[in-house]
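Enquirer: Compute the structure for the input listed below.
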Amino acid sequence: MSTKPVILWLRRDLRLGDHPALSAAVATGQPVIPLFIHDDQVADMGAAPRFRLGAALDRFGAALSGVGSRLILRRGPAQECLNDLIKETGADKVFWSRSYDPASIDRDSTIKTALKDQGVTAQSFAGFVLFEPWTVETKQGGFYQVYSPFWRAVRDRDPGDPLPAPDALKAPESWPASDDLDDWDLSADMRRGADVLKPHMQVGEGAAQDRLRAFLDGPVDGYRDDRDFPARPATSGLSENLTYGEISPRAIWHAGQRAKADGAAGAEHFLKELVWRDFAWHLAYHTPRIFTDNWRDGWDGFPWKTDEDRPEVLAWKQGRTGVPFVDAAMRELYVTGTMHNRARMIVASYLTKHLLADWRIGQRWFADCLIDWDPASNAMGWQWVAGSGPDAAPYFRIFNPETQADKFDPKGTYRDRWIAEGRQTPTDTALSYFDAIPQSWDLSPKDAYPDPVVALSKGREGALAAYERYKSTG
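Expert: You can find the predicted model right below:
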């Protein structure tokens, strides 16, 4: 049996269980060298996801130590790092989990060809989706552009059983040099906000499994009815862990199916949300313009405002629009790195319709602030709300934050949790926002709560008028 090592090139798959590339590496019987590369794609990540990635790498490194292995860290262009490590170790195989965005596909295809030309086995395995994008087709052979038929096509499909975690990884005779994770300083752009956000994170494979168990032991039963109420502990929170591959969607799928079989009333809706994430990557693979351009034809001339420095846009980013539901959601984002899904729709609608801002402004802000940032879900979500995307809500559907608050936060619990101004005894979570924000914003909980930057009725009228003008001239 060969003593040459296999390099396991890690990306969004920082777990031991149900890891096809890892299992294949172990099955060779050769030593395994787990490798993570800090390349341009990592450098281009926003502040919060890059900070959360650092925590994930730290935890996964500890998990690897528990099975007799270690995580090797290298920084630079991926192909150069791989070539260097192959030369240093004599590795004859490189395995990795597939990614589905254009930049990753181009990078990985180039590297696979180069490695094979060198006589090195290069093999990729199923990545972070339930069903890879080319495996789900319409009866006509094309890809799905609407979610409901996509769901019907996969809801009874078996993605395969989760693979067990290895008890041990065979180590090489000597370990190659590794960067020090602290030297990468992945939290640098978070500044003082890192200490505020950190307690809200649940990092690692064990935390993800605990989250799944806790959700299926209780909240899943009421998920269908309760998931739109942001003050209720009704959701799983697993988007954070899925982002870094700390749990596989296949493991969640099977656990959700068991809950459904056991009679959990909300299990199917939970599974639909998991498939919605797959649908986003299905579309991103087949129509990569979704990341950067209006997905729906006829929207390139829509008069969204692209000025990111407008005072109204800054107020939206700061959670100081004067609309409590919007502001509470934006502050939750800044403090926790996440935002309730109902709230995401409301703040996106407010930005793109009441403020007529280009959806890409919001997309970029979320990419900088979300610890559960998923490029495809983020792009599709913003375009869905804006009206320019696949399976989109019609543009004239404009969420009214006040009526949404009356319906989904009737007692004001969510708003009180995150807004300090004007409260006699603000909550700790509301106050923590002021510890997290840039000092240059010069905000204080003692400030008066702002008046609305735009009246909701005026914002709605402006959005509809812009839409009618565009239709008439388009």
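Enquirer: so what's Q79 up against?
Expert: Neighbouring residues of Q79 by CB atoms under 8 Å, 6 or more residues apart in numbering: R107, T110, I111, A114. Any C-beta I mention is one placed from the backbone N, CA and C, and that applies to glycine too.
Enquirer: and if we set it to 7 Å?
Expert: Q79 is in contact with T110, I111, A114, counting by CB atoms under 7 Å, 6 or more residues apart in numbering.
Enquirer: ditto for D374
Expert: T243, R277.
Enquirer: what do you get if the cut-off is 8 Å, keeping everything else the same?
Expert: Taking CB under 8 Å, 6+ apart, one finds S239, L242, T243, R277, A280 in contact with D374.
Enquirer: I'd say T429 and R417 touch.
Expert: Yes. Applying CB atoms under 8 Å, one finds T429 in contact with R417, separated by 5.3 Å.
Enquirer: Mind pulling up the pLDDT for the closest residue in space to G17 that isn't next to it in sequence?
Expert: Using CB to CB, 6 or more residues apart in numbering and skipping the chain neighbours, the partner closest in space to G17 is A165 (4.0 Å). pLDDT for A165: 98.
Enquirer: wait, is A165 part of a strand?
Expert: No. Judged by DSSP: H, G, I helix; E, B strand; the rest coil, A165 forms no part of a strand; its state is coil.
Enquirer: one step back: so which of the contacts of D374 sit within strands?
Expert: Per DSSP state E, strands hold no members of the contacts of D374.
Enquirer: Neighbour-wise, which one of the residues you listed leads?
Expert: If you count neighbours using other CB atoms under 10 Å, the busiest of the contacts of D374 is A280, which has 24 neighbours.
Enquirer: Not counting sequence-adjacent ones, nearest residue to it?
Expert: With sequence-adjacent residues excluded and distances taken as CB to CB, 6+ apart, A280 is closest to A376, at 3.9 Å.
Enquirer: Give the next helix or strand downstream of the strand or helix carrying the one you found.
Expert: For A376, the host element (DSSP states H and E) is helix 375-386. Going down the chain from helix 375-386, the next helix or strand is helix 401-408, by DSSP H and E.
Enquirer: how does this structure divide up, domain by domain?
Expert: Per the record, the chain has its domains at 1-127, 129-159+191-286, 311-473, by automatic domain parsing.
Enquirer: could I get those as a markdown table with distance to S178?
Expert: Formatted as a markdown table, the domains of the chain follow (distance: least, CB to CB, whole Å):
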| stretch | distance to S178 |
| --- | --- |
| domain 1-127 | 5 |
| domain 129-159+191-286 | 19 |
| domain 311-473 | 25 |
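Enquirer: Ok, which of the ones you listed comes nearest D183?
Expert: Closest of the domains of the chain to D183 is domain 1-127, at 8.7 Å (criterion: CB to CB).
Enquirer: Could you tell me how far the closest one lies from the centre of the chain?
Expert: Between the centre of domain 1-127 and the centre of its host chain there is 20 Å, according to CA atoms, centre = their mean, to the nearest Å.
Enquirer: Then stretch 220-230?
Expert: Centroid separation for stretch 220-230 versus its chain: 21 Å, with CA atoms, centre = their mean.
Enquirer: Send me that stretch as PDB with only the CA atoms.
Expert: Only the C-alpha atoms of stretch 220-230 are listed here, as PDB (Å, rounded to 0.1, in the frame of the first residue of the first chain):
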ATOM      1  CA  VAL A 220     -40.000  21.600  14.500                       C
ATOM      2  CA  ASP A 221     -43.500  20.600  15.500                       C
ATOM      3  CA  GLY A 222     -44.700  24.200  15.300                       C
ATOM      4  CA  TYR A 223     -42.300  25.400  12.600                       C
ATOM      5  CA  ARG A 224     -44.900  26.000  10.000                       C
ATOM      6  CA  ASP A 225     -46.900  28.400  12.100                       C
ATOM      7  CA  ASP A 226     -44.200  29.900  14.300                       C
ATOM      8  CA  ARG A 227     -41.300  30.400  11.800                       C
ATOM      9  CA  ASP A 228     -42.400  33.900  10.800                       C
ATOM     10  CA  PHE A 229     -42.400  35.300  14.300                       C
ATOM     11  CA  PRO A 230     -38.900  36.700  14.900                       C
END
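Enquirer: coming back round to it: wouldn't the residue nearest to G17 be in contact with L16 here?
Expert: Yes. With contact defined as CB under 8 Å, A165 and L16 form a contacting pair (3.9 Å).
Enquirer: So for these two, which residues contact both of them?
Expert: Common neighbours of A165 and L16 (CB under 8 Å, 6+ apart) are V67.
Enquirer: the more surrounded of the two?
Expert: L16 (20 against 16).
Enquirer: Can you name the helix or strand that that one falls in?
Expert: For L16, there is no enclosing helix or strand under DSSP H and E.
Enquirer: What residues does it make contact with?
Expert: With contacts defined as CB under 8 Å, 6+ apart, the neighbours of L16 are L22, A63, L64, V67, A165, P166, E205.
Enquirer: is it possible to export those residues to CSV including distance to A264 and secondary structure?
Expert: Converted to CSV, the contacts of L16 look like this (distance: CB to CB, whole Å; DSSP: H, G, I helix; E, B strand; the rest coil):
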residue, distance to A264, secondary structure
L22, 31, helix
A63, 30, helix
L64, 34, helix
V67, 33, coil
A165, 26, coil
P166, 31, coil
E205, 23, helix
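Enquirer: now for the residues you listed, which pair is the farthest apart?
Expert: Farthest-apart pair in the contacts of L16 is P166 and E205; separation 12.8 Å (CB to CB).
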